[in-house]
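Participant: next one to model:
(one chain, ligands or ions: 1)
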Amino acid sequence: MSGNDGNNAERAVVMTPPRQVARRAARPRIAALLSPDRFAATVNPRLDLLHTYPFEKLRELTHGVRPPEGLAPISLGIGEPRHPTPPFIRQALIDHLDGLAVYPATLGTPELRRACADWAGRRYGIALDPQTQVLPVNGSREALFAIAQTVVDAARGEATVVCPNPFYQIYEGAALLAGARTHFAAVDPARNFAVDWDGVPESVWRRTQLVYVCSPGNPTGAVMPLDEWARLFELSDRHGFVIASDECYSEIWFGDAAPLGGLEAAARLDRGDFRRLVMFTSLSKRSNVPGLRSGFVAGDAQLLAAFARYRTYHGSAMGPAVQAASVAAWSDEAHVAANRALYREKFAAVLPILRPVMDVRLPDAGFYLWAPTPGDDAAFARGLLEKYNVTVLPGSYLAREQDGVNPGRGRVRMALVAPVDECVEAAQRIAAYCAEQPDHR
Ligand SMILES: Cc1ncc(COP(=O)(O)O)c(C=O)c1O
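Facilitator: Here you go, the predicted model:
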């Protein structure tokens with residue numbers, strides 16, 4: 001896939017350089033909400049580059065839809081873990097409420113940094129220095145956003161951030177607010193949804209400052225293999241860009257071996273200094289604590305020093321009780337294995353129901369099915385809700401059009417986050433709905 005320069009409206013917005021954006025400040029949507037006009041100049045005009053979030057689009061799509069009253073609603077739409085939080089994590093939080101009386105440090109406690117480094121050591125066989133190569137973050141989302149603000153130098157020629165396509169929308173927003181333009185590298189369904197790094201033109205690589213990797217991928221579930229890491233490291237060495245490796249689904253996997261991590265790949269390829277590489281991981285999915293807001297980043301010490309500096313000013317220190325609960329969570333693996341077993345049970349139950357009607361397969365990892373739809377994905381999602389009260393997310397909402405192709409079109413993302421029996425019920429309804437479609441296989 002080549003660049004996202006072209007003439008469709010969406011692309012034109014994404015590619016608009018910051019200076020032109022500033023000139024358009026008189027008519028942005030956000031500014032327009034602020035009345036009187038004199039307030040408009042106080043708003044960052046880059047805010048208007050942000051795209052509507054997929055769930056807002058879904059709300060618009062399904063506005064006015066009246067599902068049958070006799071069928072209980074089932075949502076496979078939002079990728080929010082719904083298994084219960086392990087009691088020992090809740091208890092650790094309660095036991096450390098005294099910490100609320102002190103300001104936490106941006107770097108976190110030595111205990112937390114040690115627990116994170118130890119976990120990474122056990123999980124990936126790497127030795128991280130907890131002083132310089134680990135930094136706690138309030139969930140991976142804020143950190144994935146913040147890294148672009150730390151890395152991107154918007155004043156340096158056409159700063160570009162490369163994202164996979166489809167992708168987690170925070171990458172794009174982070175790039176645009178940092179003053180960069182985006183380039184989307186499409187995944188290839190024929191190669192287990194591997195990102196087509198080789199399809200990114202050399203001219204784009206030359207101005208690239210940051211690349212987001214999502215492995216295991218949302219929504220595809222694909223894990224990036226070692227040879228692709230080698231290729232990306234080689235490109236990073238040649239062009240000097242930073243790699244932000246989003247690995248928040250790494251603990252939910254289905255094969256014989258746990259997914260390869262970015263830092264693990266670097267260590268295997270004799271890049272133990274993790275130069276220009278930072279990994280983002282999270283307790284949200286691993287430990288069923290999306291509300292805790294806890295994760296950590298690890299990798300290149302020089303980069304993390306700059307990141308810590310940025311974070312000090314941004315004010316992103318983690319609360320002490322959350323830090324203590326995080327130490328407990330990172331130090332235990334039994335609850336993670338139990339959590340994984342539940343997801344395995346769901347996929348094992350759901351796939352045989354869907355396979356006769358949809359070309360779905362077990363992903364490498366994660367909790368999504370990235371399923372092709374008979375016909376248009378948005379129409380499919382709307383119709384499914386209307387007839388069977390099941391919510392799924394249209395794939396085109398998770399990707400950007402490039403060269404006239406939206407790689408999410410004709411697919412839906414189904415998050416198997418509900419309890420097993422609900423997922424099975426949803427699969428049965430989806431199978432019935434598919435069988436009713438004129439062009440189902
Ligand atoms: C790909 C991806 N990265 C990061 C996140 C953020 O997760 P958290 O901030 O809870 O760590 C999500 C959340 O759904 C995600 O899907």
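
Participant: okay, CA-based contacts and neighbour counts for the rest of this
Facilitator: Will do.

Participant: and stretch 306-317, what's buried?
Facilitator: Buried positions in stretch 306-317, judged by neighbour count with 16 or more other Cα atoms under 10 Å: 307, 308, 310, 311, 316, 317.

Participant: so which of these sits lowest on pLDDT?
Facilitator: Checking pLDDT across the buried residues of stretch 306-317, the minimum falls on residue 316 at 94.

Participant: please name the residues that touch that residue.
Facilitator: By Cα atoms under 8 Å, 6 or more residues apart in numbering, residue 316 lies in contact with 106, 137, 138.

Participant: so which residues on this protein come close to the ligand?
Facilitator: 79, 139, 140, 141, 168, 218, 246, 248, 282, 284, 290, 295 (Cα under 6 Å from any ligand atom).

Participant: what backbone torsions are found at the closest residue to residue 88 other than its chain neighbours?
Facilitator: Setting aside the residues directly before and after it, residue 88 is nearest to residue 328 in space (Cα to Cα, 6 or more residues apart in numbering), at 7.6 Å. Phi and psi for residue 328, reported as degrees, to the nearest 10, are phi -60, psi -40.

Participant: distance of residue 328 from residue 162?
Facilitator: 35 Å (Cα to Cα, to the nearest Å).

Participant: show me which of the two is the more surrounded one.
Facilitator: The residue with more neighbours, out of residue 328 and residue 162, is residue 162; 26 against 18, by other Cα atoms under 10 Å.

Participant: now do the SS call for the more buried one.
Facilitator: strand (DSSP: H, G, I helix; E, B strand; the rest coil).

Participant: so it sits against residue 183, correct?
Facilitator: Yes. Residue 162 is within contact range of residue 183, at 4.8 Å (criterion: Cα atoms under 8 Å).

Participant: OK, contacts around the closest residue to the ligand within the stretch 301-441 of the chain?
Facilitator: Nearest to the ligand, among the residues of the stretch 301-441 of the chain, is residue 366, at 9.2 Å (Cα to the nearest ligand atom). Taking Cα under 8 Å, 6+ apart, we find residue 366 in contact with 216, 217, 218, 221, 249, 250, 251, 252, 253.

Participant: quick revisit: who's in contact with the residue nearest to residue 88?
Facilitator: 88, 89, 92.

Participant: which parts of the stretch 1-150 of the chain are strands?
Facilitator: Using DSSP state E, counting those that start in this stretch, the strands of the stretch 1-150 of the chain run over 74-75, 134-137.

Participant: of the ones you listed, flag the one that's most buried.
Facilitator: Most buried of the strands of the stretch 1-150 of the chain by mean neighbour count (mean count of other Cα atoms under 10 Å) is strand 134-137; its value is a mean of 27.

Participant: domains in the protein, as residue ranges please.
Facilitator: Following automatic domain parsing, the chain resolves into domains at 9-49, 54-84+335-436, 87-331.

Participant: I'd like the mean pLDDT over stretch 233-252, please.
Facilitator: So the average pLDDT for stretch 233-252 ends up being 98.

Participant: ends of that stretch, what's the gap?
Facilitator: End to end - Cα to Cα - stretch 233-252 spans 25 Å.
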